[in-house]
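Q: Starting from these lines, generate the structure:
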Amino acid sequence: MAAGPLSPWRLLVAVCAGLLVVVAIGLGVWSLASSEERSVSYSVRGALAGVSVDVGAGDVEVVGGGRAPAVAVSHVDRFGFGHGPSVSRSVVDGTFRVVSRCPDTILHGCSVRYRLIVPDNVPVAITTTSGSVQLHDYRGSARIETRGGNVDVEGFCGFSLEARSSGGGNVTAAASCPPQQLMLRATTGAISARVPGGRYRVDASTSSGAPRINGLTADAGAPFAIQALSVSGKVTLLGGSAS
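A: Got it, this is the predicted structure:
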């Protein structure tokens, strides 16, 4: 049976829907045409008491710099319509601080990615919301907090490592020397840690079954401590080198 003519109301709805599609396509094309990429690099010289980076939803990578004389910082910002992220840099009480935020708008995309090369024994503190954090071959003490991003640490050697994902991110850490304090926390994300074999004070728990612990000797009097707590994610602690 042939369909009857559209009612005025249905015709209006169809026209509005068509206009919304055209506008969405136009905004997408405009955004692509106006997209920009900005790369910035600089060094921070002098004796520093620490490095603090807060990039909101951005990603952060920290690489160990050994005996380098300065902290090397580089970041890539991607954005549209000429509205790049705001950035503030300062040195407060000997700590170099970076705070970066994308504009809170819906008409364009914005993303930031930071990479820092940090000399040995300069403590670092990294804070993100949904961004991921990577730490490679760093020697010192580090504190990492992210709401929903993943944390991936490789080749860590230092006194203290604290990594927390308070959303759904996973926390993975591998240490090349026994850490004095290794504190890993997650909510729904999984926790996985590998440390040199030996005796450790171990505090591990999750509601999704018993933690998996292999290659470690739990000893309340050990000089090294591991805390791995996830609300519902899997927890795995391994001792020895990676196979």
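Q: going forward, measure contacts between C-alpha atoms and count neighbours the same way
A: Noted.
Q: Spit out the contact partners of residue 68.
A: Counting by Cα atoms under 8 Å, 6 or more residues apart in numbering, residue 68 makes contact with 118-119.
Q: per-residue confidence at it?
A: Confidence per residue is given as pLDDT, and for residue 68 that number is 95.
Q: and it, which of the three is it?
A: Assigned state for residue 68: coil (three-state reduction, DSSP: H, G, I helix; E, B strand; the rest coil).
Q: how close does the closest residue to residue 159 other than its chain neighbours get to residue 73?
A: Here the nearest residue to residue 159 in space, its sequence neighbours aside, is residue 180; by Cα to Cα, 6 or more residues apart in numbering that works out to 5.0 Å. Going from residue 180 to residue 73 by Cα to Cα, to the nearest Å gives 28 Å.
Q: what do you get for residue 207?
A: Here residue 207 is placed at a distance of 40 Å from residue 73 (Cα to Cα).
Q: what about residue 46, how many neighbours?
A: Number of residues near residue 46 (other Cα atoms under 10 Å) recorded here: 10.
Q: Ramachandran angles for it?
A: Here the main-chain torsion angles of residue 46 (degrees, to the nearest 10) amount to phi 100, psi 170.
Q: doesn't residue 72 make contact with it?
A: No: in this structure, residue 46 is not within contact of residue 72 by Cα atoms under 8 Å, at 11.9 Å.
Q: Residue 135 and residue 61 touch, don't they?
A: Yes: taking Cα under 8 Å as the contact criterion, residue 135 and residue 61 are neighbours in contact, 5.9 Å apart.
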